[in-house]
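>>> Generate a structure from the sequence data that follows.
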Amino acid sequence: LSEWCADEKDFETSFADPDDFKRLSPYEIREYTKVHDVSSAYKRDFLEKFGFDKVPFGEDVLIAKKALRQGFSIAYASDSVVLHSHDYGIKKSYRRNLIDARFNRDYLDRFVVDSLVKLAWFTFKTTKRDAKLLIRDKEVPFFSKVANCLYAPMIHLAEQTGQYFGTGRRKGAERQPNPLALKMSFLFLAPDKFAKKYFSKISYVAVSFGDSFRKEGLARVMRRSFNYLLFGKGTIKSGKINAEVEIFSKSLQEFRNFLLSEGNVKREPILYFDHKLGGGSNLYTKNFIKTVLEQNKEVFVALYDFKKKVYQAEYYCADRVLRYELGKIFELSAILKEINIPKIVLSELVSYDDPLYLLEKIEKIKKEQDSVLEVMVHDYFSVCPNFILLDHTDRYCGIPDDLNHCKRCLAQNKGDFKMFVRDKDLDLAKWRTSWKKILLQADRIVCFSQSSKNILEKTYGKILNEKIKVVPHTVDYVKPIPQVPGKKTEMITIGVLGGITRAKGLEVIREMLEIIKRDKLNVQIRIIGEVVGRIGSKNLLVTGKYERSDLEDIVIKNKINLFFIPSICPETFSYTAEEIMQMQMPVAVFNIGAPPERVAKYDKGLIIPEINAKVALDSILEFSKKFQ
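Model prediction:
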């Protein structure tokens, strides 16, 4: 009953661009081609032209594959009914699944049960499902329930054994690596690319397990952790969604029905692209949506959830928010056919699985619908896949003219950006060609600081000059603090506002703490936010995640004298610097990126000329004397 062929809703599957079908993995192709010839109808001209393949099994899947690849649609009619059943014994179940696995292997290049661990897991899973159904069914006599519960493991073991031996090893090709072995490789082997990939998953489970356990209980978390590690299905954390939000996760058609709810009148939302990584761009998106709704307009937000590896669609209108989880970007194209798009806002593409391909799609939508295109420069993803512009020595690269230098840097760089981009996207010449094309197509490019504009112009020349508008963010939610909280104390308390990562100055803070300890300085550091990485000292306190509405109270409670922004990368803007200035607190920044632009005009601001922990600490202590 969980299959689409038991759905009560009609739906249609097609690809706006047939070439998109070629980009699907074997596993995705199988999902899109779940057609059953026990109840099907084909257009005569299509059948005469393409016909069935002479195969022992799976002819309906292969003809569905042809249909989608040739631009045809596959529709599902829920009111069409067919009675179809098999009564397989253990031997027949084994043989049937053996043939099915060989079909998947030879015609779809799909390896389903390719390890003994999966064989055992799927046997357990299907047996458990049967037991649940039997126990719930009141019409089945008690002894029949017991007998079938005992029979279920045998029949399902036969099925999965057939799948295992049918998958086998394809002629001329190696069997896919055992997923469990890949996880274990981190413990026994040097950390190769597989170990690195799967270690991040194990780390995620370790960090998330405690929080999820409290919310969901041990049994459920263990099951989902196993699924996540072994099969890459689902994530560990689960979030609650507000009651007023409607979620359409069952059917794409349900989402379409909403878009067409006003007859033949097409909706005209602003199409907005963003990621789900948090930070300033997500805050900007939230404010943007609020402003648009106040103007009685609608917004269609396309998102990419990096953790779940899925696209998501969110539709904001006056009375509701609708969300739909997409499998692939191609499903987004199917939705966009149902609406008119007067404006496209490209806010963020960091973490998207194929950003250059998406740029092509955006360009195509703009041309077909004659849409206005705005590009927001929240980071430097349009300049380099390494969107924070720190080279392999953890210094600002300065945008070298020599692309060969950039190529060597990207190859040697071990920055976090590599978790978001694939090897093929490290071709900087191709990367910049694609981005230059979309920037030239843009009607408006919004930078949030003059330094961002300078970096963009250094990369692409003055051809973008007329399109670029410098519009700093506004911060109006923070109130001034009447006086410096720790003014009368001998202890100097340096506040660091916002999350701290390597790029945000983690090593600078670590070195400062070592100097404070070595020289026995009467100085404390308070980080208001979360820290990504290990750092500890008796002179350090990390407050953790905070609400912006509580910021003034946190500053007063911790008796912070002044703030330091230790970021070593060129920020496009700095919400934290702006928030500190709005609180009328003293602030020190390195002379890089957007922060010094703002601080230079601020009477309680200090610009540190060199990115160096000792220079920074000495400068800050001298600066603090003005406010004691």
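>>> Tell me the secondary structure of K545, please.
coil (DSSP: H, G, I helix; E, B strand; the rest coil).
>>> contacting residues around the nearest residue to it once chain neighbours are set aside?
Leaving aside its chain neighbours, K545 sits nearest to E530 (5.7 Å; criterion: Cβ to Cβ, 6 or more residues apart in numbering). Heads up, the C-betas are built off the backbone N, CA and C, glycines and all. Contacts of E530 were listed using Cβ atoms under 8 Å, 6 or more residues apart in numbering, and they are G499, I500, V542, G544, K545.
>>> And the pLDDT at the residue nearest to the third one when sequence neighbours are not counted?
Just to be clear, that refers to V542. Once flanking residues are discounted, V542 sits nearest to I527: 4.7 Å by Cβ to Cβ, 6+ apart. I527 carries a pLDDT value of 93.
>>> and the gap between I527 and I515?
Per Cβ to Cβ, to the nearest Å, I527 is found 17 Å from I515.
>>> ok so, going back, could you tell me how many residues sit around the residue nearest to V542?
22 (other Cβ atoms under 10 Å).
>>> Give me the phi and psi for it.
Backbone torsions for I527, taken as degrees, to the nearest 10, come to phi -100, psi 120.
>>> Confirm for me that it is in contact with G505.
No - applying Cβ atoms under 8 Å, one finds I527 not in contact with G505, separated by 10.3 Å.
>>> any shared contact partners between the two?
By Cβ under 8 Å, 6+ apart, the residues touching both I527 and G505 are V496.
>>> what sits against the residue nearest to V542?
V496, I500, I509, L540, L541, V542, T543.
>>> which residues does it form a beta bridge with?
For I527, the beta-bridge partners under DSSP bridges are V496, V542.
>>> Quick check: longest helix in the chain by residues?
With secondary structure taken from DSSP state H, the chain has its longest helix at helix 142-167.
>>> so how far is G398 from the residue located most distally from the centre of the chain?
Most distant from the centre of the chain: F143, at 49.6 Å, with distances by Cα atoms, centre = their mean. Distance, F143 to G398, by Cβ to Cβ: 79 Å.
>>> Tell me who's in contact with the residue positioned nearest the centre of the chain.
Nearest residue to the geometric centre of the chain (Cα atoms, centre = their mean): F306, 2.0 Å. F306 sits next to H275, K276, L277, S351, F420 when contact means Cβ under 8 Å, 6+ apart.
>>> same question, I455
Per Cβ under 8 Å, 6+ apart, neighbours of I455: Y380, V383, L389, I399, P570.
>>> shouldn't the first one be in contact with L389?
Yes - assessed by Cβ under 8 Å, Y380 is found in contact with L389 at 5.2 Å.
>>> Find residues that contact each of the two.
Going by Cβ under 8 Å, 6+ apart, residues that sit against Y380 and also against L389 are I455, P570.
>>> and the residue nearest to T161 when sequence neighbours are not counted, what element?
The shortest distance from T161 to any non-neighbouring residue, by Cβ to Cβ, 6+ apart, is to Y94 (6.2 Å). Assigned by DSSP states H and E, Y94 falls within helix 90-108.
>>> burial count for R105?
Neighbours of R105 using other Cβ under 10 Å come to 22.
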